[in-house]
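Participant: Below are the sequence and a predicted model; questions follow.
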Amino acid sequence: MKIVVLDGHTLNPGDLSWAELEALGECSIHARSTLEESAERATDAEAIITNKAPVTADLMSELPTLKYVGVTATGFNIVDVEAARAHGITVTNVPAYGTRSVAQHAISLLLELTNHVGRNSRSVASGKWVTAEDWCFTETAITELDQLTLGIIGWGRIGQATAEIARALGMKIMAASRTDRDSTDEVQFVDVKTVFAQADIISLHCPLTPDTDQLVNAARLASMKRTARLINTSRGQLIDEAALADALNNDRIAGAGLDVLSTEPPKPDNPLPSAKNCIVTAHNAWASCAARQRLLNFSIANLSAFISGSPQNVVS
C-alpha cells in the first residue's frame, strides 16, 4: 500500500517515530501540503493521512487509487465525507486521545488568570522585587479557587476531566449538557443561561455546531458576573470575538484564557491577543508529547485495521 502523510509536522515535529506507519507500506511523509501539492504527492496513493490538510471532493476526483483517509484528529471537517462516501473511500478519525492534556491546559489557563504566575515571574525578572519595599511582592491580587463555582459547558470526556481537577482545588461544579442529567452531590446540572449567570469560571468544552456557533455573545457576556473568567479550549467560533474583547477591555468580566481563535493562525486585526486580561495560547492544549504519541498510535491502528478488512473509528 502506498501511504502519503500530507501534514505530519504538528503531530510529529521530530520527537516521535514513524517506523510503525512505515512498516505498513510504501510511506512518504510531508511536513505540510497545499491542495496543489496534495494532488501531486498523492497521485497514486491508496491511503492519505491528514491533520489539517483538506481532502476535498475535487482532490478525491484526481486520486483514482485512493481508498482510505485517516484523520489524525477527532474533528474531521477537513474531509468532504459525502464525496468520500460517493467514491467508496473510508474515512477514520481518532477520538479521545487528548482528554487529559486538554483538561490540564484548561486548568493551566485558569490558574494563570487567578495566580498570575507568569506575570509575577516576569516582574521579578525585570527587577521589580529587588526594588520592592516589602519582603513579598505581587503585581495584582491572587484569587483563591476553593468554593468558587466552575461552570462547564459540554459534559463530555474533556469537560468531566476538567471538573475532576477543579474539584481537587475545592471548586463547586455546575454543568450544562446536551442530554438530560440528574444533579448529584458532585455536579449540579443546569441550563446554559444559568451557567453564564451564576458561575465564577466558565469553561467551554462543547463541539462547534449551528447551535453553539457564537454561543458566547454580547448578551451572555453581559449576564456574567463582573468577577467571572472565561476559558475556551474547544473551538474559537464558539465566541463572538469582538464582543468578548469589548467585555474585557471595559471590565465587564475579569479575564479570559483561550487556546483557540476563530481563524488560525489569527489575522493581525483579531482583537483578543491584545485585549485586557486575556491570555491566548496557540491551539496547543492537545499537543503534549504523550497525547501526540497516543494520536500516532491510534492513527496507525486505524490504518492497520482497515488493511486487515476490519476498519475502526469510521466516520464515512
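Facilitator: All right, it came through fine.
Participant: how many neighbours does Val216 have?
Facilitator: 23 (other C-beta atoms under 10 Å). The way it works is simple: take the backbone N, C-alpha and C, and place the C-beta from them, glycine included.
Participant: Check what pLDDT the nearest residue to it once chain neighbours are set aside gets.
Facilitator: Spatial nearest neighbour of Val216, excluding adjacent residues (C-beta to C-beta, 6 or more residues apart in numbering): Ile239 at 4.3 Å. If you check Ile239, the pLDDT there is 98.
Participant: Is Ile239 in contact with Ser262, as I believe?
Facilitator: Yes. Counting by C-beta atoms under 8 Å, Ile239 touches Ser262, with 7.4 Å between them.
Participant: Compare the two (neighbour count), which wins?
Facilitator: Ile239 (27 against 18).
Participant: List the contacts of the more buried one.
Facilitator: By C-beta atoms under 8 Å, 6 or more residues apart in numbering, the contact list for Ile239 reads 204, 214-216, 230, 232, 258, 262.
Participant: Recalculate using a threshold of 7 Å.
Facilitator: Going by C-beta atoms under 7 Å, 6 or more residues apart in numbering, Ile239 touches 214, 216, 232.
Participant: what do you get for Gln237?
Facilitator: Gln237 sits in contact with 208, 213-214, 262, where contact means C-beta under 7 Å, 6+ apart.
Participant: now the contacts of Ile239 as TSV including secondary structure, distance to Ser304 and pLDDT?
Facilitator: Formatted as TSV, the contacts of Ile239 follow (DSSP: H, G, I helix; E, B strand; the rest coil; distance: C-beta to C-beta, whole Å; pLDDT from 0 to 100):
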residue	secondary structure	distance to Ser304	pLDDT
Gln214	coil	40	96
Val216	strand	41	98
Asn232	strand	35	98
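Participant: Now tabulate those in a markdown table and tack on distance to Glu22.
Facilitator: Below are the contacts of Ile239 laid out as a markdown table (distance: C-beta to C-beta, whole Å):
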| residue | distance to Glu22 |
| --- | --- |
| Gln214 | 43 |
| Val216 | 43 |
| Asn232 | 37 |
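Participant: Strands of the stretch 101-250 of the chain, start to end?
Facilitator: Here the stretch 101-250 of the chain has its strands, by DSSP state E, counting those that start in this stretch, at 149-153, 172-176, 187-189, 201-204, 229-232.
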